[in-house]
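# this one's sequence-less:
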């Protein structure tokens, strides 16, 4: 399997080429110096963001940890004060609120690092997509099919098409 990277000057040309490549059965990925979420959403489909699940799991874990920490401490070291209840609700809720925020933030950070693929192990494809060009990365090209993909990309406005070695 081969891959190709087409460099475009304009987003509409990139969108048209991405739509053509996607309809031809290739897997495409877009590289851009600016965010292009809403412009390419109808073509590439809505991207699922799994970080929200990490945040939710961290928040629930933090709440449970805070409750167990407070109530466990009370159970291990009971200190009766003037006839008050040992297992009162407000003190554990305060600690649980703080641990909910703490673990929610830490899990969000860990999820971001994990799902963003940091630290990056792959080399950056080309420096042009970081500055002034939009890149369309086409994967899954069959042997000998690079010329066909190159022809389609240049027909749709690519100023340059590079063969990417994996």
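Alright, I've got the coordinates. The structure presented is a predicted model; accordingly, all values stated were derived computationally and were not measured.

# give the contact list for residue 131.
Under the criterion of Cβ atoms under 8 Å, 6 or more residues apart in numbering, the contact list for residue 131 reads residue 33. Heads up, the C-betas are built off the backbone N, CA and C, glycines and all.

# kindly report the same for residue 96.
62-63, 65-67, 70.

# and the residue lying closest to it once chain neighbours are set aside, which of the three is it?
Nearest non-adjacent residue to residue 96, counting by Cβ to Cβ, 6 or more residues apart in numbering: residue 66, 3.2 Å away. Here residue 66 takes the helix state, with states given by DSSP: H, G, I helix; E, B strand; the rest coil.

# tell me how many other residues crowd residue 66.
Neighbourhood size, residue 66 [other Cβ atoms under 10 Å]: 22.

# returning to what we had before: just the closest of the contacts of residue 96 to residue 101, please.
residue 62 (7.0 Å; Cβ to Cβ).

# any buried residues in the helix or strand where that closest one lies, and which?
Residue 62 is part of helix 51-76, with elements assigned from DSSP states H and E. Residues of helix 51-76 classed as buried under the neighbour-count rule (16 or more other Cβ atoms under 10 Å) are 51, 54-55, 58-59, 61-63, 65-67, 70-71, 74.

# and it, how far from the chain's centre?
Relative to its parent chain, helix 51-76 has a centroid offset of 25 Å by Cα atoms, centre = their mean, to the nearest Å.

# quick one: list the elements packing against that helix.
If contacts are counted by 3 or more Cβ pairs under 8 Å, 6 or more residues apart in numbering; DSSP states H and E, helix 51-76 sits against helix 90-115.

# give me the mean pLDDT for the helix it packs on.
Helix 90-115 comes out with an average pLDDT of 96.

# next secondary structure after that helix?
helix 128-131.

# so how far is the helix or strand just after that next one off the chain centroid?
Note on helix 128-131: by DSSP H and E, the next helix or strand toward the C-terminus is strand 134-141. Centroid separation for strand 134-141 versus its chain: 19 Å, with Cα atoms, centre = their mean.
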